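Participant: turn this into a structure:
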Amino acid sequence: MAEKNSVERVRAALLAAGHEDTISAFPEGTRTAADAAAAIGCTVAQIAKSIVFRARGAHGERAALVIASGVNRVDAGKVAAVLGVTLKRADAEWVRAQTGFAIGGVSPVGHLLPPLLVFDRDLLALHPIFAAAGSPHHIFRTEAEALARITGAMVAEVREG
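Facilitator: Take a look at the predicted model:
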């Protein structure tokens with residue numbers, strides 16, 4: 001039931017932002033970027049994976065969500081510099097408490113508590129892109145510009161290297 005509620009929260013957030021409902025279910029699972037790409041039939045780069053960190057700054061502690069291309073390893077130092085915070089790894093229990101999503105299904109929209117958001121500049125060159133829709137079995141299709149706009153994320157280079 002929690003998975004269904006999470007997917008419905010994402011659907012409601014997309015519709016409230018003026019985005020069409022493009023959520024699809026994949027029983028074989030979309031837990032990793034590679035799994036999602038295989039299920040969808042796209043490149044791994046087109047998967048907008050959600051990486052959650054614990055951010056500490058002037059605001060106290062909250063989630064920092066990086067929306068990154070599935071082929072990119074995220075450079076936490078770059079993200080910390082963009083946000084002006086320190087970052088720590090987030091465990092699965094903390095991620096669920098902060099976002100309302102299980103790891104493998106963290107969506108860029110529909111969070112329980114508003115996270116700090118950073119959007120991988122590399123996604124802007126890809127059309128379309130696909131993101132988790134609240135469960136490890138659901139994704140939604142979108143365009144990078146639309147996702148950056150509806151999340152309000154800061155666009156930055158986050159790739160290691």
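Participant: tell me which helix or strand in the protein has the weakest average pLDDT.
Facilitator: None of the helices or strands of the chain scores lower by mean pLDDT, DSSP states H and E than helix 2-16, at a mean of 92.
Participant: all strands of the protein, in order?
Facilitator: Using DSSP state E, the strands of the chain run over residues 23-25, 47-57, 60-69, 86-89, 116-120, 129-132, 138-142, 154-156.
Participant: got TSV for those strands, with mean pLDDT too?
Facilitator: Listed next are these as TSV, based on pLDDT from 0 to 100:
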stretch	mean pLDDT
strand 23-25	97
strand 47-57	97
strand 60-69	96
strand 86-89	96
strand 116-120	98
strand 129-132	98
strand 138-142	98
strand 154-156	98
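Participant: ok, and the closest non-adjacent residue to the residue of the chain most remote from its centre?
Facilitator: When distances are taken from the C-alpha mean of the chain, residue 58 lies farthest, 23.4 Å away, according to C-alpha atoms, centre = their mean. Excluding its sequence neighbours, the residue lying closest to residue 58 (C-beta to C-beta, 6 or more residues apart in numbering) is residue 84, at 7.8 Å. C-betas here are computed from N, CA, C, even on glycine.
Participant: the most centrally placed residue in the chain: what's it in contact with?
Facilitator: By C-alpha atoms, centre = their mean, the mean C-alpha position of the chain lies nearest to residue 50, the distance being 2.9 Å. By C-beta atoms under 8 Å, 6 or more residues apart in numbering, the contact set of residue 50 is 65, 66, 67, 68, 106, 107, 108, 131, 132.
Participant: between these, which is nearest residue 144?
Facilitator: residue 67 (9.2 Å; C-beta to C-beta).
Participant: quick check: beta-bridge partners of that closest one?
Facilitator: residue 50, residue 119 (DSSP bridges).
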